[in-house]
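Colleague: heads up, no residue letters with this:
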Ligand SMILES: Nc1nc2c(ncn2[C@@H]2O[C@H](COP(=O)(O)OP(=O)(O)O[C@H]3O[C@H](CO)[C@@H](O)[C@H](O)[C@@H]3O)[C@@H](O)[C@H]2O)c(=O)[nH]1
Ligand SMILES: [Mg+2]
């Protein structure tokens, strides 16, 4: 493995801060042979996020969500609807607090215990986001509302319960195409959680 390149950021130009932050970053990259190259990259900073696979090991079920995702609609997903694990951005919370809050908002389940299993950069060439992935057990006693997301954020989230086998088969059938959801379902399978 080669040693890490030396990096010197020479300019950060704000292209948009309309909602999240898009910067154009110019940097010097010193190669192994000491030659310096100037690089330019656009970088989208939307903060970090967290996602969680809610599972019930007795019923052998999982909770997933379904919502409209515009970027997928613009790139080949005919309905724009995506089946995903519950997920959200961290805001000012740490990842664990954020995913507990997000789980209640989106699914109506109030969790007290979650376990972090994966930390991942989902698009390292252009998006800064680290996604913290969790698992958590749910049962009916934890249901405190119908979920659905915040009206103020126009979330319109449908809450779905599938058997683990049904959900897993939806990866192969192409009904589940969201990366974090595939990773967590595969994690559950590999670890024999359900
Ligand atoms: N007005 C406006 N609202 C926006 C915009 N972008 C996002 N929002 C609002 O911000 C909310 C963010 O909802 P969260 O539940 O916090 O995030 P998320 O969109 O579910 O993101 C999660 O999934 C992503 C996709 O898999 C992940 O990338 C992300 O890390 C996170 O886990 C959206 O529902 C939407 O209302 C925008 O450009 N304009
Ligand atoms: Mg969300």
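Modeller: Alright, I've got the coordinates. Since this is a predicted model, take the numbers as computed values, not measurements. Ligands and ions are numbered 1, 2, ... in the order given.

Colleague: So which residues on the protein come close to ligand 2?
Modeller: Proximity of the chain to ligand 2 (CB under 5 Å from the ion) is limited to residues 87, 88. Every C-beta, even on glycine, is put in place using the N, C-alpha and C of the backbone.

Colleague: Please identify which residue in the chain comes closest to ligand 1.
Modeller: In the chain, the residue that lies nearest ligand 1 is residue 49 (2.1 Å; CB to the nearest ligand atom).

Colleague: Now do the contacts for the residue of the chain found nearest ligand 2.
Modeller: The chain approaches ligand 2 most closely through residue 88 (4.2 Å), counting by CB to the ion. Shown in contact with residue 88 (CB atoms under 8 Å, 6 or more residues apart in numbering): 49, 50, 51, 98, 99, 101, 102, 105, 106.

Colleague: secondary structure element for it?
Modeller: strand 86-89 (DSSP states H and E).

Colleague: Quick one: name the residues of the chain near ligand 1.
Modeller: For the chain, the contact set with ligand 1 under CB under 6 Å from any ligand atom comprises 19, 49, 51, 84, 87-89, 102, 129, 131, 153-155, 180.

Colleague: rerun that using 5 Å as the cut-off
Modeller: Applying CB under 5 Å from any ligand atom, we find that the chain lies next to ligand 1 at 19, 49, 51, 87, 88, 89, 153, 155.

Colleague: Taking those residues, please make a ChimeraX selection of just the buried ones.
Modeller: Restricted to buried positions by 16 or more other CB atoms under 10 Å, the ChimeraX selection for the residues of the chain next to ligand 1 reads:
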select :49,51,87,88,155
